[in-house]
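Visitor: quick one, fold the following:
(4 chains)
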Protein chains: 2
Amino acid sequence: MTTATVRRTPADKHDDRRRALADSALRTLGELGYARASLREIANNSEFSHGVVHYYFHDKLELIVYCVRQYKATCVHRYDGVVADSTTPEGLVAAFADKLVETIVEEAPMHRLWYDLRSQSMFEADLREAVLGIDQTLEDMIWRVVSTYAELSGRAPAMTPHVAYGVLDGLFQQALLGHLCEQEGVLDGLRTQVRDLMPMVLLPAQSR
Amino acid sequence: MTTATVRRTPADKHDDRRRALADSALRTLGELGYARASLREIANNSEFSHGVVHYYFHDKLELIVYCVRQYKATCVHRYDGVVADSTTPEGLVAAFADKLVETIVEEAPMHRLWYDLRSQSMFEADLREAVLGIDQTLEDMIWRVVSTYAELSGRAPAMTPHVAYGVLDGLFQQALLGHLCEQEGVLDGLRTQVRDLMPMVLLPAQSR
DNA sequence: GACTTTTCTGGACAACCGTCAAGATTTCTC
DNA sequence: GAGAAATCTTGACGGTTGTCCAGAAAAGTC
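Guide: Prediction:
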């Protein structure tokens, strides 16, 4: 009880439970999307009953926002390893492109959920604060890649973090849709697109 | 009756009615989005009763797809004037950027509806055919701008039509969200972004 | 081991949904 | 203008939704 190592206050348990609920909710949300995933369906695909949702969350919106925040909080570090391990600009671009493709394959339901939520925020004002916050962390994530790439190349970025994120996000979204539509070659296409595009996000090498 | 000028077959009238219904449905859809716009709400904001929808459309999905197809069919020619009237590369880019900003301001509900539908198509397989078709026409639209810009510049495009569309669509989507969130400066930001980015979609001028 | 507090269950509720169909109304045809 | 065909209205249907709540069950406390 008094050991500092395992200190489990009631508040901690409560948070754990919220996390567990959100975790299984994410599965259903990724499968059905924001609008069609009912609280009953979410509860059915979990170990909880449908009533317990309102014990841990005020309403459906709070649950969904909590879920996506929780997922995105972990995945903003997806490219940290790429950034840390790369020693050449070409190597970084290749590793970055591979990682992009990997996450499309392995986490397509989570990504489409994110784009679903972001689209909904254009209609629902209550979603905007959360969406803008998450979007900013993703922009920062991309910028860590771009700025490291610039350093390794000895060149300066040719665009702002905002533009770099917008451009790459556009390509990513396009590839995600293509992948879900089972179009041939979209994944290799994305890899090629990123490799070709990345040099353009930097200014030409200075001749001196 | 036999005059060739005004030939109104019953089929024509039927199509006119569909168009009129879709037209007023688009208003509600642009306001509420795909999931939250019920057929009753759509009918209430129109001159029709809620039952008539099923007389002209098989189900809700067919109505929505018809609506978005109808809207996008007209707006794919939004930049045709820009392309036709421009005589210099700089003029084309400026006119293109202005037009992008203009449509964000004037048709934000329609654009968010399109992004909503495209996101939903990642969950609903029945939507994908229509979405991919529309996406292709938008890609063609953008490519008409880019290829004309290339010709006026005497330079070659540095990327495929697909990539050019993906990149610009990413920026556009970002600006649309920012505009709807009433962020300051997003519109001028988009204008600047497009002016700065467009030169990068072409290869450097050949020195000879 | 009794008492309190937290956690959970399962049902009930009102509201809303897409769809359908019977019948009223309008338009067309001759 | 009578009959036929079309267009439209209205109400009903089964189903689903988010939310709430009374009470059961479990956990914590002394």
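
Visitor: apart from its neighbours in sequence, what residue is nearest the residue nearest the centre of chain A?
Guide: Nearest residue to the geometric centre of chain A (C-alpha atoms, centre = their mean): A:Lys72, 4.7 Å. Of all residues not flanking A:Lys72 in the chain, A:Ile134 sits nearest, at 4.9 Å (C-beta to C-beta, 6 or more residues apart in numbering or on different chains). Every residue, glycine included, has its C-beta placed from N, CA and C.

Visitor: what of A:Leu63?
Guide: In space, and not counting its chain neighbours, A:Leu63 is closest to A:Phe57: 4.2 Å by C-beta to C-beta, 6+ apart.

Visitor: wait, isn't that neighbour in contact with A:Arg18?
Guide: Yes. At 7.4 Å, A:Phe57 counts as touching A:Arg18 under the criterion of C-beta atoms under 8 Å.

Visitor: more neighbours: which of those two?
Guide: A:Phe57 (20 against 17; other C-beta atoms under 10 Å in any protein chain shown).

Visitor: give me the phi and psi for that one.
Guide: phi -130, psi 140 (degrees, to the nearest 10).

Visitor: so how far is A:Phe48 from it?
Guide: Computed as C-beta to C-beta, to the nearest Å, the A:Phe57 to A:Phe48 distance reads 11 Å.

Visitor: where do the contact lists of these two overlap?
Guide: A:Leu21 (C-beta atoms under 8 Å, 6 or more residues apart in numbering or on different chains).

Visitor: related to what we said a few turns ago, what sits against the residue nearest to A:Leu63?
Guide: Residues near A:Phe57 by C-beta under 8 Å, 6+ apart: A:Arg18, A:Leu21, A:Leu63, A:Tyr66.

Visitor: now do the shared contacts for A:Phe57 and A:Arg18.
Guide: Listed as contacting both A:Phe57 and A:Arg18 by C-beta under 8 Å, 6+ apart are A:Tyr66.

Visitor: for chain A, give the residue positioned nearest to DNA strand C.
Guide: Here the residue of chain A nearest DNA strand C is A:Gly51; by C-beta to the nearest atom of the strand that distance is 2.1 Å.

Visitor: do you know the pLDDT at that residue?
Guide: Here the pLDDT value assigned to A:Gly51 is 94.

Visitor: can you get me a residue count around it?
Guide: 10.

Visitor: skip ahead from the longest helix seen in chain A and say which helix or strand is next.
Guide: Longest helix of chain A, by residue count under DSSP state H: helix A:125-153. As assigned by DSSP states H and E, the chain's next helix or strand after helix A:125-153 is helix A:161-180.

Visitor: could you list the domains of chain A?
Guide: For chain A, automatic domain parsing gives the domain ranges A:11-71, A:76-203.

Visitor: endpoint to endpoint, the first one covers what distance?
Guide: Length of domain A:11-71, first residue to last, C-alpha to C-alpha, to the nearest Å: 21 Å.

Visitor: skipping adjacent residues, who's closest to A:Pro161 in space?
Guide: A:Trp143 (4.1 Å).

Visitor: ok, that neighbour - contacts?
Guide: For A:Trp143, the contacting residues are A:Pro161, A:Ala164, A:Tyr165, by C-beta under 8 Å, 6+ apart.

Visitor: who in chain A is up against DNA strand D?
Guide: By the rule C-beta under 7 Å from any atom of the strand, the part of chain A lying against DNA strand D is A:13, A:36-41, A:50-51, A:53-54, A:59-61.

Visitor: and the helix or strand of chain A with the lowest mean pLDDT, how far out from the chain's middle?
Guide: Lowest on mean pLDDT, DSSP states H and E among the helices and strands of chain A sits helix A:10-36, with a mean of 92. On the basis of C-alpha atoms, centre = their mean, to the nearest Å, helix A:10-36 sits 16 Å off its chain's mean C-alpha point.

Visitor: buried set for that helix?
Guide: In terms of neighbour count (16 or more other C-beta atoms under 10 Å in any protein chain shown), helix A:10-36 has its buried residues at A:18, A:21-22, A:24-30, A:32-34.

Visitor: coming back round to it: the residue nearest to the centre of chain A and A:Asp140 touch, don't they?
Guide: No. Counting by C-beta under 8 Å, A:Lys72 does not reach A:Asp140; the two are 11.7 Å apart.

Visitor: related to what we said a few turns ago, report the separation between the residue nearest to A:Leu63 and B:Thr103.
Guide: 38 Å.

Visitor: what does chain A put close to DNA strand C?
Guide: By the rule C-beta under 7 Å from any atom of the strand, the part of chain A lying against DNA strand C is A:Pro10, A:Lys13, A:His14, A:Arg17, A:Phe48, A:Ser49, A:His50, A:Gly51, A:Val52, A:Tyr55, A:Tyr56.

Visitor: recalculate using a threshold of 10 Å.
Guide: A:9-18, A:20-21, A:39-40, A:43, A:46-56 (C-beta under 10 Å from any atom of the strand).

Visitor: residue contacts, A:Pro204?
Guide: A:Arg155, B:Pro204.

Visitor: if we can go back for a sec, does anything pack onto the least confident helix or strand of chain A? Which helices or strands?
Guide: helix A:39-44, helix A:53-56, helix A:60-75, helix A:108-120, helix B:10-36, helix B:108-120 (3 or more C-beta pairs under 8 Å, 6 or more residues apart in numbering or on different chains; DSSP states H and E).
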